[in-house]
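>>> okay, here's the prediction I keep looking at, along with the sequence it came from:
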Amino acid sequence: MQISETALATSKPLFVKFVECMRIIKDYHFQVFTKNPEETLYSETLRVLNQFQQDRTQAAYCLIVNGLVWDAEVIIRVVYETFAKVAFLATASEEQRPELLHEYWELLGAVYDRQAALKAEPCERLFNCSGSDGSSRVMATLRDKRVYRTDPLENKSFRKQLEQRWSFSGILEALNSGRHGTIPLIGIEVFAHNYSM
């Protein structure tokens, strides 16, 4: 789908503002993360997520400018998800931060490693049958307990609750209510509408 010349001309002010906002965000990113000499797991997590969000926003902008609006929408969903995680961590009380970081990096990582291992098994069998040795080895590596955490973490109920807490809707609910020690961000739930659209 290509944007018509008329639509492009009409949306030019939006693009100009977008570029201006990106500059402001980059300046802020530089001031907060680059000039701050203290590197903690908390500051590095926010820095990495913020950079990830910026990169995806720029990618969406490039897609929109080139008429690939639907493709940009997919990436914008990732931007919303990352924004929610940044807001969740940034508004958390100092007491809650270590627990949230442990959940994000360790527990969620273990859950996702296990899910990847389970999904890799049928792929490995298929690649073995088709003679795709290299692809089969990649799938086997995803199931290797020496490389990835493939054992189940806690019980299924615990894993589901953890995934729900870190889901987009779970984070918005926590941000709106102030659960998990976060500063309540009243009205944040409007992002659920934009996300679903």
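Right, received. Where do you want to start? None of the values given here were measured: they were computed from a predicted structure.
>>> next up, the contacts around the most centrally placed residue in the chain.
Central residue of the chain (CA atoms, centre = their mean): residue 82, 3.9 Å from the mean position. Contact analysis of residue 82 by CB atoms under 8 Å, 6 or more residues apart in numbering lists 49, 52-53, 56. All C-beta atoms are positioned from the backbone trio N, CA, C, and that covers glycine.
>>> narrow these to those in helices?
Judged by DSSP state H, the subset of these located in helices is 49, 52-53, 56.
>>> residue 57 contacts residue 78, correct?
No - using CB atoms under 8 Å, residue 57 is not in contact with residue 78, being 9.6 Å away.
>>> what about those two, which has more around it?
The neighbour comparison of residue 57 against residue 78 (other CB atoms under 10 Å) goes to residue 57, with 21 against 15.
>>> please state the offset of stretch 142-150 from the chain centre?
How far stretch 142-150 lies from its chain's middle: 23 Å, per CA atoms, centre = their mean, to the nearest Å.
>>> contacts for that stretch next, please.
Taking CB under 8 Å, 6+ apart as the rule, stretch 142-150 contacts 109-110, 113-114, 116-117, 120-121, 124, 141, 151.
>>> if you set the cut-off to 6 Å instead, what comes out?
110, 113-114, 116-117, 120 (CB atoms under 6 Å, 6 or more residues apart in numbering).
>>> swap in stretch 107-125?
Residues outside stretch 107-125 that contact it (CB under 6 Å, 6+ apart) are 136, 139-140, 142-143, 148-150, 153, 159, 162, 166.
>>> list just the nearest of these to residue 100.
Distance to residue 100, by CB to CB, is smallest for residue 166 among the contacts of stretch 107-125, at 9.1 Å.
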